[in-house]
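K.L.:
Just the structure for this:
(2 chains)
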Amino acid sequence: MLNIEEITRMPSQSLLGRVAARESDSLTVCIEQYGNLIWSLAKRYSPSQADAEDAVQEIFLEIWQKADRFNPVMASESTFVTMIARRRLIDRYRKQARSIETSSFGSELDDQLVATSSSMVETIDEAAKATRCLEGLQPNQRDILRRSIHEGQSHSQISNDLEIPLGSVKSFARRGLIQLRQCMEKFSLSPQAGVAS
Amino acid sequence: MSSIENTNSRLQELAAGYSLGELSEAETQEIKSYDQKIFVAMVERLDEAAARAFLTFQGSVPSDAMPEELSQRLKHMAQGFLEKSMDVGPAKVELATFNVAPSSVGFREIVAWFCVAASVAVALCVWIPGRRNVQTSMLVLRDNLIAKSGDLIRSKWESPTPEQTPTQDLSAAQELGEVVWSSSAQQGYMTVRGLPVNDKSKEQYQLWIIDPTRDEKPVDGGVFDITNATESIIPIRAKLQVDKPTLFAITIEKPGGVVVSDQKRLPLLAKVIP
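P.N.:
Below you'll find the model as predicted:
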């Protein structure tokens, strides 16, 4: 178990701790480590490549500004970064009620697919537990959450694709996310509320 | 089920809708009738679950490679951010300087409480109004473009006719803001002061860019809203390549903008002086 000294030392040793301390190469390393992950998210949630590029710039700025709030006791860096990115993307496109089509520029990027980033490695343990929680959901709930959270599809799009009433999609997605959270708490994935705002 | 349980259940459902970015207008209004601190804390827990779910789903598929040009742009931006940070001193790492008083409450709980309190405070200021942080980011992005671009064009907004001046206050009219543009980066930002806040359901502002070297037709620079009558920074989203702009113009159009503007309502112009 970590003692207080070890815990307080951790932020300055982590990448985000180095970003918070404004170490010279830390921001570049942060771009290299999380660039593909954030780009993958932004691409799915944005209506065009130009919008996705704007969003990525805003997300990195926010990560650098909020890096001092990262707490390794609460979550991994990847989770922290993903929380900021998702929130920014949702805030950015909430006005459009996420009625946007996200596939408009995907095809031209298919040939740029790369192997899973090494930044994901640290989340293997978290991911294994999260996988168990996701497997605990009903298959249709899991599919709807995957489409909503991972693919960035709007509930209307999901409703059309799966030929399920919009109200049911909304209900499945919300209850699925709540159930997921409860399961993660049960597995003590996260002792308290989140880390980013 | 008691009324308290009913309330919590409903609030949790709304928080899940918010976390998924799928709240209706009526639900957004409904949130205001609940305790905002509890709501924000619920959203955070759900946001974290959603982030972990995303990473789990993402772990089973290859990531997309970020375009090299964007990566380079981010690295330039990082340099500007670091230089700006150095101007105001290094960032303070809150956790490292956190004063842990001896108490029966565990460090974990203190840190957790601190994180929740800090994030709730920020969330209340930033999430619900939602725009201030965006404007701060825009300011940094704009300043970075100004600092890094060798071919920066900078031009002040003016009113084409006195009667169309967006504000009747002459002193304000003299400072309507400016437009900055870099053709090499194909990026630019408008700083706009004094334009009236628009009702986006009735009309929206649209930017046009004149570049005689490419076409006589103005290039659509993007549709935008003014939510702050004092000052707004708006990124330019040129739909086509712009190499040598000579004029920037803001028109008022129907929601969503138009393909060709009749320019009947033209509150601001910015001429590029060679």
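K.L.:
Which parts of the stretch 101-250 of chain B are strands?
P.N.:
B:152-156, B:177-182, B:187-193, B:204-210, B:219-224, B:231-235, B:247-253 (DSSP state E, counting those that start in this stretch).
K.L.:
Tell me which of those strands lies nearest to chain A.
P.N.:
Chain A sits nearest to strand B:231-235 of all the strands of the stretch 101-250 of chain B, at 6.0 Å, using CB to the nearest CB. C-beta here means a position set from N, CA and C on the backbone, and glycine is covered the same way.
K.L.:
Where do the helices of the chain begin and end?
P.N.:
No chain in the question, so chain A it is. With DSSP state H as the criterion, chain A has helices at A:4-13, A:15-20, A:26-45, A:49-66, A:77-93, A:124-135, A:139-145, A:155-162, A:166-186.
K.L.:
should've been chain B
P.N.:
Using DSSP H, helices in chain B cover B:3-19, B:25-31, B:36-58, B:68-87, B:107-126, B:132-148, B:170-173.
K.L.:
what about chain A, any weak spots by pLDDT?
P.N.:
A:1-13, A:94-127, A:188-197 (pLDDT under 70).
K.L.:
quick revisit: now tell me which of the helices of chain B the model trusts least on average.
P.N.:
Mean pLDDT is lowest for helix B:107-126 among the helices of chain B, at a mean of 38.
K.L.:
Show me the domain layout of chain B.
P.N.:
B:3-58, B:68-132, B:152-271 (automatic domain parsing).
K.L.:
deepest of those domains, which one?
P.N.:
domain B:3-58 (a mean of 19; mean count of other CB atoms under 10 Å in any protein chain shown).
K.L.:
Tell me if stretch A:160-175 is near chain B.
P.N.:
Yes: under the criterion of CB under 8 Å from any CB of the partner chain, stretch A:160-175 makes contact with chain B via A:170, A:173-175.
K.L.:
Tell me the one among the residues you listed nearest to A:Y34.
P.N.:
A:A173 (26.1 Å; CB to CB).
K.L.:
List the contacts of the closest one.
P.N.:
By CB atoms under 8 Å, 6 or more residues apart in numbering or on different chains, the contact list for A:A173 reads A:141, A:144-145, A:148, A:155, A:158, B:16, B:20, B:22.
K.L.:
same check, this time on B:K156
P.N.:
B:176-178, B:270.
K.L.:
mind checking pLDDT for it?
P.N.:
Reported pLDDT for B:K156: 91.
K.L.:
Skip the chain neighbours and tell me the closest residue to the residue sitting nearest the centre point of chain A.
P.N.:
Residue closest to the mean C-alpha point of chain A, counted by CA atoms, centre = their mean, is A:T82 at 3.0 Å. In this structure, A:T82 finds its nearest non-sequential neighbour in B:A51, 3.9 Å apart by CB to CB, 6 or more residues apart in numbering or on different chains.
K.L.:
Who are the contact partners of the one you found?
P.N.:
Contacts of B:A51 by CB under 8 Å, 6+ apart are A:75, A:79, A:82-83, A:86.
K.L.:
Closest one of the residues you listed to A:E32?
P.N.:
Nearest to A:E32 among the contacts of B:A51, with distances taken as CB to CB, is A:T82, at 16.7 Å.
K.L.:
Count residues in the vicinity of A:A128, would you?
P.N.:
12 (other CB atoms under 10 Å in any protein chain shown).
K.L.:
Against chain B, how distant is it?
P.N.:
As defined by CB to the nearest CB, to the nearest Å, A:A128 lies at a distance of 9 Å from chain B.
K.L.:
And A:N71, by the same measure?
P.N.:
Taken as CB to the nearest CB, the span from A:N71 to chain B is 6 Å.
K.L.:
Please report the distance of that residue from A:G17.
P.N.:
10 Å (CB to CB, to the nearest Å).
K.L.:
And B:V140, by the same measure?
P.N.:
Taken as CB to CB, the span from B:V140 to A:G17 is 21 Å.
K.L.:
And the furthest pair within the residues of stretch A:160-175 next to chain B?
P.N.:
Farthest pair in those, by CB to CB: A:K170 and A:R175, 9.5 Å.
K.L.:
List the contacts of B:L268.
P.N.:
So B:L268 contacts B:157-160, B:166, B:176, B:192, B:195, B:249-250 (CB under 8 Å, 6+ apart).
K.L.:
Across the sheet, point out what pairs with it.
P.N.:
Beta-bridge partners for B:L268, by DSSP bridges, are B:I250.
K.L.:
My understanding was that B:E175 contacts B:R193; is that so?
P.N.:
Yes: counting by CB atoms under 8 Å, B:R193 is a contact partner of B:E175 at 5.9 Å.
K.L.:
which residues does the nearest residue to A:V29 once chain neighbours are set aside contact?
P.N.:
In space, and not counting its chain neighbours, A:V29 is closest to A:L15: 6.1 Å by CB to CB, 6+ apart. Contact analysis of A:L15 by CB under 8 Å, 6+ apart lists A:26, A:29-30, A:33, A:77.
K.L.:
got it, and A:R86?
P.N.:
A:41, A:149, B:47, B:50-51, B:54.
K.L.:
any idea how far A:L15 is from it?
P.N.:
19 Å.
K.L.:
Please apply the same query to B:S149.
P.N.:
29 Å.
K.L.:
can I assume B:D151 is in contact with B:Q187?
P.N.:
No: applying CB under 8 Å as the test, B:D151 and B:Q187 come out as separate, 11.1 Å apart.
K.L.:
ok, now which ones touch B:L14?
P.N.:
B:L14 touches B:23, B:27, B:30-31, B:34, B:39, counting by CB under 8 Å, 6+ apart.
K.L.:
6 Å instead, please
P.N.:
B:27, B:31 (CB atoms under 6 Å, 6 or more residues apart in numbering or on different chains).
K.L.:
residues near A:S48, how many?
P.N.:
16.
K.L.:
quick one, phi psi at it?
P.N.:
phi -150, psi 170 (degrees, to the nearest 10).
K.L.:
Stretch B:206-217 spans what distance, first to last residue?
P.N.:
15 Å (CA to CA, to the nearest Å).
K.L.:
Touching it from outside, list them.
P.N.:
By CB under 6 Å, 6+ apart, stretch B:206-217 touches B:218-219, B:221-223, B:242-251, B:253, B:257.
K.L.:
If we use 7 Å, what do you get?
P.N.:
By CB atoms under 7 Å, 6 or more residues apart in numbering or on different chains, the list of residues contacting stretch B:206-217 from outside reads B:190, B:218-223, B:236, B:238, B:241-251, B:253, B:257-258, B:261.
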